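Colleague: what follows is a protein structure lacking sequence information:
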C-alpha cells in the first residue's frame, strides 16, 4: 500500500478551483488562468493528481472545426475528500496537528 503524500499549496489551488465547479470539465489553459500557475508547474501537478485518482481526465472534441481535441480535468470524490482533509488539517492549531 502506498503512502499518502501531503498536497502542495499549488496542488491544493488546482483542487480548489476544480472543487468550485465539480461537474465541469476544465482545460489546462482555464486552470492556468484561474490558479495563476505556469504550464511547467500546472501540467505535472495535473498528471500526479490524476495518477492519485484525485481528479479524472479525458480528451474532449473541439467546439470549433479544425481545432485539436483538448485534455480536460474534473475533480473526483477522492479529490474532494483530500481537499477537505487538507483544509481541516490546515485550520487546526499547530499543537493539535502534531498531537
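Modeller: Nice, thanks for sending it over. Predicted, not measured: the structure shown is a model, and the values here were computed from it. Numbers count the residues shown, from 1 in each chain.
Colleague: please make it C-alpha for all contacts and neighbour counts, starting now.
Modeller: OK.
Colleague: residues in contact with the one residue sitting closest to the centre of the chain?
Modeller: The chain has residue 15 as the residue nearest its centroid, 3.4 Å off, counting by Cα atoms, centre = their mean. Residue 15 sits next to 75, 79-80, 83 when contact means Cα atoms under 8 Å, 6 or more residues apart in numbering.
Colleague: SS state for it?
Modeller: Under DSSP: H, G, I helix; E, B strand; the rest coil, residue 15 falls in the helix class.
Colleague: circling back to that earlier point, and the contacts of residue 15 as TSV, adding distance to residue 40, pLDDT and secondary structure?
Modeller: Formatted as TSV, the contacts of residue 15 follow (distance: Cα to Cα, whole Å; pLDDT from 0 to 100; DSSP: H, G, I helix; E, B strand; the rest coil):
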residue	distance to residue 40	pLDDT	secondary structure
75	20	98	strand
79	22	97	helix
80	24	97	helix
83	22	95	helix
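Colleague: thanks again, I'm all set now.
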